[in-house]
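[1] fold the following.
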Amino acid sequence: MAEMQKPSARGRATQSLVRVAEIRDGVAIMFDGTMRATLMVSSINFALKSEEEQRAIVFAYQDFLNSLNFSVQISITSRQMDVTPYIEYVRSLRELQSNDLLRLQLDEYANFVSELVKSGNIMSKSFYVTVPFALQQSKKEGFFGRIFKGLVHAAGKRKLSDEEFARSRVQLMQRVNQAAMGLRSIGLRLYLLQTQELLELYYNLYNPVTSRNARLRNVAQLRVQENVTQS
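    Got it, this is the predicted structure:
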């Protein structure tokens, strides 16, 4: 029997960059037991606003930052626009047409849109605000806290019990609601990412090339197949 090869140092270093241990109930759980919730946020065309409106937006954003007693992470992702679902929809309409001229026009339209996006290098931007929470948080970390953090780092992963997760999630959502109120005061629209959407977000971020050709399967379908296999 062939002996299993140990993973290369390069492979271990790459995997160590992925700090997400689990995604559950719309929450990303990190290896150290801390939790993250992510809001997708709309944008504002600041340049088209009047000077008075611009000042109001800046002051509202300042009030939002001052109202927080915890840190948040603001992220912007830029990706080439993926029109594959739309092209597939247009081609499905083509199959329903009995008129040959309409079928031809739908084909040409689908090809035109596809080539336009490729040649124009059209990018889509997405904006996210990530809110963290740790079960044991304090402004000043004590001696035993540093020891505990060192043990967690050495072990590589801290497993949260169901009770700890439920209690921490409630407090995390309180922070999310606080951040959402401040962002809405600026005139932004928000959406809290759920489990499948978080999986797709991290999958796309860590696999920018692969994700263009290999789509992530729906987590609900994976769970159904898992239950069928177990039964």
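[2] roughly how far does the closest residue to residue 26 other than its chain neighbours sit from residue 131?
    Spatial nearest neighbour of residue 26, chain neighbours left out: residue 194 (4.6 Å); criterion: Cβ to Cβ, 6 or more residues apart in numbering. For glycine as for every other residue, the C-beta is placed from the backbone atoms N, C-alpha and C. Using Cβ to Cβ, to the nearest Å, residue 194 is found at 15 Å from residue 131.
[3] those two: which has the busier surroundings?
    Set residue 194 next to residue 131 and count neighbours by other Cβ atoms under 10 Å: residue 131 wins out with 24 against 14.
[4] pLDDT wise, what is that one at?
    Residue 131 carries a pLDDT value of 96.
[5] and the host helix or strand of it, which strands flank it?
    Residue 131 belongs to strand 123-133 when elements are defined using DSSP states H and E. If you go by DSSP bridges, strand 123-133 pairs up with strand 35-41 (antiparallel), strand 73-80 (antiparallel).
[6] could you find the closest non-adjacent residue to residue 30?
    Closest residue to residue 30 apart from its sequence neighbours, by Cβ to Cβ, 6+ apart: residue 19 at 5.1 Å.
[7] so what's that neighbour up against?
    Neighbour list for residue 19: 30-32 [criterion: Cβ atoms under 8 Å, 6 or more residues apart in numbering].
[8] which residues in the protein form helices?
    Along the chain, the stretches classed as helices by DSSP state H are 9-16, 51-67, 84-95, 100-120, 143-155, 162-185, 195-206, 210-213, 219-230.
[9] got any ranges where the chain has weak pLDDT?
    Applying pLDDT under 70 to the chain picks out residues 1-16, 120, 136-158, 209-231.
[10] tell me the domain boundaries of it?
    Listed by automatic domain parsing, the domain ranges of the chain are 19-78+125-193, 82-121.
[11] ranking those domains by burial, who's on top?
    Highest mean neighbour count among the domains of the chain (mean count of other Cβ atoms under 10 Å): domain 19-78+125-193, with a mean of 14.
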